[in-house]
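Visitor: Got a predicted structure here, sequence first:
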Amino acid sequence: MKKNIHAIAMAAAVLCALPQAQAANANEEATKRHFASLVAPGKEPKLAELTMFFTMMPKGGDLHHHYSGAIYAEQYLEWVDKEGFCVNKANYTIEKNKPAGACVSGQDVMNDNTVLANLLQRWSDKDFYNHSAIQSPPDRQFFDTFAYFGPVSSTNTADGLQRLKQRAIQENLSYIETIFEIAPIAQDVDFDKKALSGGVTDADFAALTAKLDKDPAFQGWIAGYIDNVNKSGAGIDDDQFTLRYQPFALRFLSPSQVYSQILSSFKLASSHPKIVGVNIVGQESVNVSMRDYALHMKMYRYLKTKYPKVQLALHAGELSLGMVEPEGLTFHIKDAIDVAGASRIGHGMDIAHESNPLAIMKKMRDAKIAVEVNLSSNDFILGIKEQAHPVTLFRKYGVPYVLSTDDAGVSRNNLSGEYVLYAARYQPDYAEVKKLSYDSIRYSFLADADKQRLLKALDGKFAKFEAEIAGAQSKAGR
């Protein structure tokens, strides 16, 4: 009798679920049709509707996200006042000693439309193309912004992370993997001399590691970084949003400084569950970055053998033809994968110029090494967009990739805007953009349990989103 009752209950549950599944499928099909109408081949993309569509659409994660570059200048101006600094109106730098005359508060800047406009033209990319261009060339403009707001960028990080969380929730983004703060750093002059003479070996890496392991100041800085993550990130994770961190090295510093940062990054990622990967940043085309690129990859290779579980998301190939000598375009992505052991590639823009690009892309496809595609910054910094962008190659040859913001505060954009750019330029179908959202969780460095939690939540969010779109289209008579 009990078995019969159980069987009847199971059958009833199945019958009840059938209409729900059918409704869900119908909603997804309606959403597909609506999206197709927004990016129909041969027609002008419907940008306003695409913007609304992608603002509403659940977007999973943002995997290439610089914390300091994500904060908008207006928030930095708040912190100028909170820290007791001021803004020099003569050069728009932040001053600590409040020199008389030209130095004003952040609030004074906000209240003066002309001063604020001039500041935004230096602290971000705003207005670069629609006025007489007081700025330097695009790549310098982009990278120079960080020096302007640098004096306050590491202050008030709890406030900054909360602001980024609320902004993410507003555009239906549930996860950010942020490149958070510069990793602890030290310098060794003897190591630098040997490195610059080309004589560094794994034994030298081991010796410098042992020296830094015995340095109480260096170990204290690592502990301080962890304390900052704990305090700044307190209360961030909840049912709506999840945040994880990557420490980073600056690739244009001296060899020992870069190694110490990479070492501390590995130690941090091995000791804290919310520090999920390591990275290296900084303009790739400047002399030191190019000169030491191969050395940096060897540093990662050595430390990867010591910390095999640590995952690497390395900026590599953020270069375009003419920016450096042609030879400099031929190996950065390959070495990041084959030498350093990167699990993800940030930018990957020079793939078409690399030696044997088809083999590299096959390896990335087979090994599931995803590229973090940053359409706005690639366009601005490198001048690469439309059909010149290598995302067209990644699509064709099956290389996994995700869309990300890079530095939303500097570019004055958000992740929804990156999806709009992608859809307008490349006319994907709905299944493709939906997969991009899911892939941004699948290719994250989250722990498996967290990854499954967010993927399951994404299922529910898409069901709700598709029901909304289908309902709206039904009422509109489409």
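Guide: Perfect, I can see it now.

Visitor: Reduced to three states, what does the nearest residue in space to residue 304 that is not next to it in sequence come out as?
Guide: Leaving aside its chain neighbours, residue 304 sits nearest to residue 341 (4.6 Å; criterion: C-beta to C-beta, 6 or more residues apart in numbering). C-beta here means a position set from N, CA and C on the backbone, and glycine is covered the same way. Following DSSP: H, G, I helix; E, B strand; the rest coil, the label given to residue 341 is coil.

Visitor: what does residue 245 give?
Guide: For residue 245, the reduced secondary structure class is strand; criterion used: three-state DSSP.

Visitor: what residues are up against it?
Guide: 177-178, 180, 229, 233, 274-276 (C-beta atoms under 8 Å, 6 or more residues apart in numbering).

Visitor: residues near the residue nearest to residue 304, how many?
Guide: As a burial measure, residue 341 scores 19 neighbours (other C-beta atoms under 10 Å).

Visitor: Check residue 347 too.
Guide: 28.

Visitor: In this model residue 315 seems to touch it, though I could be wrong.
Guide: Yes - counting by C-beta atoms under 8 Å, residue 315 is a contact partner of residue 347 at 6.1 Å.

Visitor: Find residues that contact each of the two.
Guide: Counting by C-beta under 8 Å, 6+ apart, nothing touches both residue 347 and residue 315.

Visitor: Between the contacts of residue 245, which sits nearest residue 84?
Guide: In terms of C-beta to C-beta, no member of those lies closer to residue 84 than residue 180, at 24.4 Å.

Visitor: Surely the closest one and residue 226 touch.
Guide: No - with contact defined as C-beta under 8 Å, residue 180 and residue 226 do not form a contacting pair (11.6 Å).

Visitor: Comparing these two, which residue is more hemmed in?
Guide: Of the pair residue 180 and residue 226, residue 180 is the one with more neighbours under other C-beta under 10 Å, namely 29 against 15.

Visitor: give the contact list for that one.
Guide: Residues in contact with residue 180 (C-beta under 8 Å, 6+ apart) are 67, 229, 245-248.

Visitor: Most neighbours among the residues you listed, please name it.
Guide: Across these, neighbour numbers were computed from other C-beta under 10 Å; residue 246 holds the maximum, 28 neighbours.

Visitor: Give me the local confidence score for that residue.
Guide: On the pLDDT scale, residue 246 is placed at 98.

Visitor: give the contact list for it.
Guide: Residues in contact with residue 246, defined by C-beta under 8 Å, 6+ apart, are 177-180, 265, 269, 275-279, 313, 445.

Visitor: hmm, 6 Å instead?
Guide: With contacts taken as C-beta atoms under 6 Å, 6 or more residues apart in numbering, residue 246 has the following neighbours: 179, 277, 279.

Visitor: Could you pick out which of these are located in helices?
Guide: Using DSSP state H to define helices, no part of the contacts of residue 246 is located there.

Visitor: Out of these, name the ones that lie in strands.
Guide: 179, 279 (DSSP state E).

Visitor: just the contacts of residue 246 now: which is nearest residue 258?
Guide: Using C-beta to C-beta as the measure, the one of these that approaches residue 258 most closely is residue 279, at 12.3 Å.

Visitor: Surely residue 319 and residue 348 touch.
Guide: No - with contact taken as C-beta atoms under 6 Å, residue 319 and residue 348 are classed as non-touching, separated by 10.1 Å.

Visitor: dump the residue contacts of the residue most central in space within the chain.
Guide: The centroid of the chain falls nearest to residue 64 when counting by C-alpha atoms, centre = their mean (1.3 Å). Under the criterion of C-beta under 6 Å, 6+ apart, the contact partners of residue 64 comprise 346, 372, 374, 404, 406.

Visitor: Doesn't it lie inside a strand?
Guide: Yes - per three-state DSSP, residue 64 lies within a strand segment.

Visitor: Please report the distance of it from residue 205.
Guide: In this structure, residue 64 and residue 205 are separated by 28 Å, where distance is defined by C-beta to C-beta, to the nearest Å.

Visitor: before we move on, what about residue 353?
Guide: As defined by C-beta to C-beta, residue 353 lies at a distance of 30 Å from residue 205.

Visitor: Any idea how many residues pack against residue 220?
Guide: A count of neighbours around residue 220, defined by other C-beta under 10 Å, yields 11.

Visitor: Return the backbone torsion pair for residue 86.
Guide: Listed backbone geometry of residue 86 is phi -150, psi 170, with angles given as degrees, to the nearest 10.

Visitor: cool, residue 405 as well?
Guide: Backbone dihedrals for residue 405, given as degrees, to the nearest 10, come out at phi -100, psi -30.

Visitor: who touches it in this structure?
Guide: Applying C-beta under 6 Å, 6+ apart, we find residue 405 in contact with 62, 65, 415.

Visitor: List the contacts of the second one.
Guide: When you say that, I think you mean residue 65. If a contact means C-beta under 6 Å, 6+ apart, then residue 65 has 176, 178, 405 as its contacts.

Visitor: Just send the contacts of residue 64 back as CSV, with distance to residue 295, secondary structure and neighbour count too.
Guide: Putting these into CSV (distance: C-beta to C-beta, whole Å; DSSP: H, G, I helix; E, B strand; the rest coil; neighbours: other C-beta atoms under 10 Å) gives the following:
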residue, distance to residue 295, secondary structure, neighbour count
346, 19, strand, 26
372, 23, strand, 24
374, 26, coil, 26
404, 27, coil, 25
406, 25, strand, 29
